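> Got a predicted model here, sequence first, then my questions.
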Amino acid sequence: MSAALEDAPEFEAGSRLAQFAGRFLANRSAAFGGLILLLLVACSALAPLVAPHDPLAINPIMRLRPPSAEHWFGTDEVGRDLFSRIVYGCRYFLLICLVAASISASSGTLLGLIAGAGSPLADGLVMRLMDVMLAFPYILLVLVVVAILGPSLWTGMIAVGVAGIPGYARVVRAAVLTVRREDYVEAARVLGASRAQIMFGTVLPNVLSPLIVYLSFATPLAALLASALSFVGLGAQPPAPEWGAMLVNSRTYLFSAWWAVAAPGTALFFAIFGLNLLGNGLRDVLDPQS
Amino acid sequence: MSSSSLPTSEPLLAIRGLNTRFKSPRGFVHAVENVDLEVSAGEILGLVGESGSGKSALALSILRLIDAPGEIAGGEILFEGRDILKMRSRELRQVRGRGVGVIFQQPQNCLNPVRRVGWHIAELLVRQDGLGRRAAWDAARELLRTVGLPGPEKAMAYAHQLSGGQAQRVMIAAALALRPRLIIADEPTTALDVTVQAQILELLRQRCRDSGAAMILVTHDLGVVAQLADRVAVMYAGRVVEEGPARAMLTTPAHPYTLGLLQAAPRLGTDASERLRDIPGVIPDLSRPLPGCPFAPRCATRVERNLARCLSDPPPAVALGPSHRANCWAAAPMAASSSEPVRVAGGSR
């Protein structure tokens, strides 16, 4: 360490990431949520190794069997192994989260930046458009998009992503409005930075914290909505082992074969629960006031 | 003659009839009113005034940094002969940073908290000079060394890891990175420890001298002005009331307001029991311009000499010597120590 000039505190090496990691792991909610997410990612990546059976293989002799050593979560109405279907379902869940969140976060962030850092006219136009989108019930908006594009897994994901845009735009705009008044934005302008350079180089990195927190709260909601869409038959189509779609097929047998409903339901519950815990923890970890 | 070499008589910066105003519910607040000011290459101009006198508004107007509800309502700002007020945004961005550098009051707030210190300078060099990443960072480290921040770890630090003085050193390095011909320092030491102030001022002077840049030093601290400035302009209620060589201004001020400022400043070596003389009253409401001299309601000289026209007619610009002028009906060089005005030169224009 060099001798400190004036009254400077000592510099810590590589502090930011290390500091973040330390605080993340120290936060129980964040750590547990992160663990569940890690489990989901591992199941998706290693699905062929983890799953004991082919998730699509039909076995009429073994239909609606209760959980056993061979079929850990039991079998469904056409004899497919539920455990294997849950494991492969992780892929759908993460895919939905990824696609829907990417669409809403990227478009919402861009619109929020334009509204927050652009001219008053741009702000008015963008935010009124967002208000119109928010005025529609979430599910109705999704149904309209699906009606236009036709029901499939992809249109479902796109629809959910589009429906999430206004939330991101609002969060980012609010953060931008406080950041744009900071002295360092003025300082960047003084040094000849253009409007776009200021937006992406100076303002955007400073609104990442609230954006990440909102992302972690909005994503499980989007995943839930996508599953609901599959449940009403407008998202993933059978025989895809998507958890929402699995729930529909097995709901007829709720009283005779509860496990066929419980397996995807519980999986969905834990995945959403984990993401919410992660969001809660991230909010505490990233909050400068804590 | 090529367009880059200007005749020597041409000042680096010439402000003519500048008006900057802010819209308020009660009408326009005239923060800068009809200001004429010139800065020659290489000189240090002290811009002095109390809070609300319009000195910062004037400094920000030079680079068109006045945001709504403020606006520049008229006048011209010629920088190297080109009017900044008429520039397109691309041209203006070239002047910012490359032509004119600015240093603000709160250095720690001027550094992006999520970016490393060196990034601010390296990014600037990449953007404006077209340097590669690695070359830009090398240049940034070199620039930080010249402002007294040696060692590679300083460039990798974040703003919150720096002291105020260190942060201001970074801002000076950034402002000078593109070798601008003019530096505007808006109260550069106000937010710093007294012990660091002198160091920063000395650094500013030295760096300006080394690069041949002129400087406009905005301050309310007459001690700072005495230390650094070649020339001084005193602002009151949005107007430049007196302007002249620093020595003449500080020893024989012509405007009663300048005199008042000097008498209100504490000085070492004087009797501590003696009270500082303040100027009674406050700055007038800038949304309702007065017909006469804006300082007249507070002016002791006016009362003493019972001058009626001070309240009714705008004061003339009185030439008091080479490049020394005051806008005052009673203008005449006065000694700071005596309260008895002696009329030596003057007369209305």
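Yep, it's here. Numbers count the residues shown, from 1 in each chain, chains lettered A, B, ... in the order given.
> Need phi/psi at B:Pro297.
phi -60, psi -30 (degrees, to the nearest 10).
> Oh, that last question was meant for B:Gly75, not what I typed.
phi 100, psi -180.
> So it is in contact with B:Arg21, correct?
No - B:Gly75 is beyond contact range of B:Arg21, at 11.4 Å (criterion: Cβ atoms under 8 Å). The C-beta positions use only the backbone N, C-alpha and C, and glycine is treated the same way.
> if you average pLDDT over stretch B:72-86, what comes out?
Stretch B:72-86 shows a mean pLDDT of 91 in the predicted model.
> do the same with stretch B:267-275
Stretch B:267-275 comes out with an average pLDDT of 68.
> Tell me, please, where in the chain the pLDDT is lower than the cut-off.
Went with chain A since none was named. For chain A, the stretches flagged by pLDDT under 70 are A:1-16, A:287-290.
> wrong chain, I was asking about chain B
Along chain B, segments meeting pLDDT under 70 span B:1-9, B:268-273, B:332-349.
> neighbour-wise, which of B:Gly75 and B:Arg21 wins?
With neighbours defined as other Cβ atoms under 10 Å in any protein chain shown, B:Gly75 and B:Arg21 compare such that B:Arg21 has more, 23 against 19.
> Just read off the phi/psi values of the more buried one.
B:Arg21 has phi and psi values of phi -140, psi 160 when expressed as degrees, to the nearest 10.
> Relative to B:Ala246, how far out is it?
B:Arg21 sits 30 Å away from B:Ala246 when distances are taken as Cβ to Cβ, to the nearest Å.
> What's the local residue count around B:Ala308?
For B:Ala308, the count of nearby residues is 11 (other Cβ under 10 Å).
> swap in A:Arg80?
Neighbourhood size, A:Arg80 [other Cβ under 10 Å]: 24.
> Then A:Val160?
32.
> I'd say it and A:Ala228 touch.
No - when contacts are counted by Cβ under 8 Å, A:Val160 is not listed as touching A:Ala228 (9.4 Å).
> from what I can see A:Arg180 touches A:Ala115, true?
No - judged on Cβ under 8 Å, A:Arg180 makes no contact with A:Ala115 at a distance of 11.3 Å.
> more crowded one of the two?
A:Ala115 (26 against 18).
> show me the residues around A:Asn276 that make contact.
Contact analysis of A:Asn276 by Cβ atoms under 8 Å, 6 or more residues apart in numbering or on different chains lists A:33, A:216-217, A:220.
> where's it, which helix or strand?
If you go by DSSP states H and E, A:Asn276 is part of helix A:258-286.
> list the buried ones in stretch A:183-195?
Within stretch A:183-195, the residues that qualify as buried are A:183-193, counting by 16 or more other Cβ atoms under 10 Å in any protein chain shown.
> what does stretch B:267-287 give?
Buried residues in stretch B:267-287, counting neighbours by 16+ other Cβ under 10 Å, are found at B:279, B:283-284, B:286.
> Next one: the closest residue in space to A:Tyr184 that isn't next to it in sequence from A:Val172, what distance?
Excluding the flanking residues, the one nearest A:Tyr184 by Cβ to Cβ, 6 or more residues apart in numbering or on different chains is B:Asn112, at 4.6 Å. Using Cβ to Cβ, B:Asn112 is found at 17 Å from A:Val172.
> number of nearby residues for the residue lying closest to B:Ala159 once chain neighbours are set aside?
The shortest distance from B:Ala159 to any residue that is not its chain neighbour, by Cβ to Cβ, 6+ apart, is 3.6 Å, and that residue is B:Leu111. Look at B:Leu111: counted by other Cβ under 10 Å, it has 25 neighbours.
> right, and B:Leu111 touches B:Ala173 too?
No - with contact defined as Cβ under 8 Å, B:Leu111 does not reach B:Ala173; the gap is 11.4 Å.
> coming back round to it: list just the nearest of the buried residues of stretch B:267-287 to chain A.
Here the nearest of the buried residues of stretch B:267-287 to chain A, counting by Cβ to the nearest Cβ, is B:Leu286; it sits at 22.7 Å.
> And that closest one, how far from B:Asn19?
12 Å.
> Same check on A:Ala226?
Computed with Cβ to Cβ, the distance linking A:Ala226 and B:Asn19 is 59 Å.
> OK, now which residue of the stretch 201-349 of chain B is nearest to chain A?
Taking Cβ to the nearest Cβ as the measure, the point where the stretch 201-349 of chain B comes nearest chain A is B:Leu203, at 12.1 Å.
> Please give me every residue in contact with that residue.
Listed by Cβ under 8 Å, 6+ apart, the contact set of B:Leu203 reads B:147-148, B:169, B:172.
> need these in CSV with secondary structure, neighbour count and distance to A:Pro60, can you?
Conversion of those to CSV gives the following (DSSP: H, G, I helix; E, B strand; the rest coil; neighbours: other Cβ atoms under 10 Å in any protein chain shown; distance: Cβ to Cβ, whole Å):
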residue, secondary structure, neighbour count, distance to A:Pro60
B:Val147, coil, 22, 81
B:Gly148, coil, 17, 83
B:Arg169, helix, 28, 79
B:Ile172, helix, 27, 81
